[in-house]
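In: Need the 3D shape of this:
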Amino acid sequence: MKESGLRYAVYLSSYGAQVPEGTGPVAGLHSSEEKLNAISGLNVLHLRAAYFMENNLASIGMIQGIGLVGNALLPDVKLPMIATRDVGDYVAQRLLQLDFSGKQTRELLGERDLSMTEATAVIGRGIGKPDLRYQQFPYDQVQQVLTDLGVPPKGAAMYIEMYKAINAGVLVPLEPRSPKNSTPTSIEQFVQDVFAAAYHGKAPGA
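Out: Sure, this is the predicted structure:
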């Protein structure tokens, strides 16, 4: 990038990227932010986005197979969740306006914070399974499932580190929620538009 002469960049990072280590994949984003900050003459906006609502799509097979949603997150720990279309809209707006300079960060925290218990309840209602529940699984069990799915062992361990950091309150946003860092798509809208279609094997909007 140094040689490209590029003057503006929006870098898709993650909330919690202010923490240098102990956060799994997010620590890698911290390192990348620092490398971009070292490029003189580059105006860069580090977009620290929330946990993607689309991550919940990975639970479809589990819902169909064993009738629940589960991962290593605590049931009631709240985290910001965002629809990726809102991230794309925001990035497009900033790149069209080029209204940032120097080295800046902006958190994008979704419509509201949600626990996995709350997100699962919305998913259940949206797919016609109102009794759908969330279950936290032990870290070692989740790590084994990830490796069974083909994730390299080192990568699986990094995801477990991230889950632990969220559960421990280490991986958290810095900015208080505000109209500037909140986005319009609710989890209810996401389930209606995206999750339910994927669960029932239909193209969105079909």
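In: mind checking the SS state of residue 39?
Out: coil (DSSP: H, G, I helix; E, B strand; the rest coil).
In: burial of it, as a residue count?
Out: Residue 39: 15 surrounding residues under other Cβ atoms under 10 Å. The C-beta positions use only the backbone N, C-alpha and C, and glycine is treated the same way.
In: So for it, what's the pLDDT?
Out: Per-residue pLDDT puts residue 39 at 94.
In: shaky segments in the protein?
Out: Scanning the chain for pLDDT under 70 picks out 1-4, 203-206.
In: can you pull out the strands in it?
Out: Listed in chain order, the strands found in the chain under DSSP state E are 8-14, 43-49, 51-52, 69-71, 79-82, 103-108, 112-114, 134-136.
In: Show residues contacting the last one.
Out: Contacting residues not belonging to strand 134-136 are listed as 68, 69, 70, 71, 72, 73, 74, 75, 116, 117, 119, 120 [Cβ atoms under 8 Å, 6 or more residues apart in numbering].
In: swap in the third one?
Out: Here strand 51-52 makes contact (Cβ under 8 Å, 6+ apart) with 15, 79, 80, 81, 82, 83, 84, 87, 110.
In: do the fourth one as well
Out: By Cβ under 8 Å, 6+ apart, the residues outside strand 69-71 that reach it are 56, 59, 62-63, 116, 120, 123, 132-137, 142, 163.
In: if you set the cut-off to 6 Å instead, what comes out?
Out: 59, 120, 134, 135, 137, 142 (Cβ atoms under 6 Å, 6 or more residues apart in numbering).
In: Reformat the contacts of strand 134-136 as a markdown table; add distance to residue 24.
Out: Putting these into a markdown table (distance: Cβ to Cβ, whole Å) gives the following:
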| residue | distance to residue 24 |
| --- | --- |
| 68 | 24 |
| 69 | 20 |
| 70 | 19 |
| 71 | 13 |
| 72 | 11 |
| 73 | 13 |
| 74 | 16 |
| 75 | 20 |
| 116 | 17 |
| 117 | 22 |
| 119 | 20 |
| 120 | 22 |
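In: By neighbour count, sort out the buried ones in these.
Out: 68, 69, 70, 71, 72, 73, 74, 116, 117, 119, 120 (16 or more other Cβ atoms under 10 Å).
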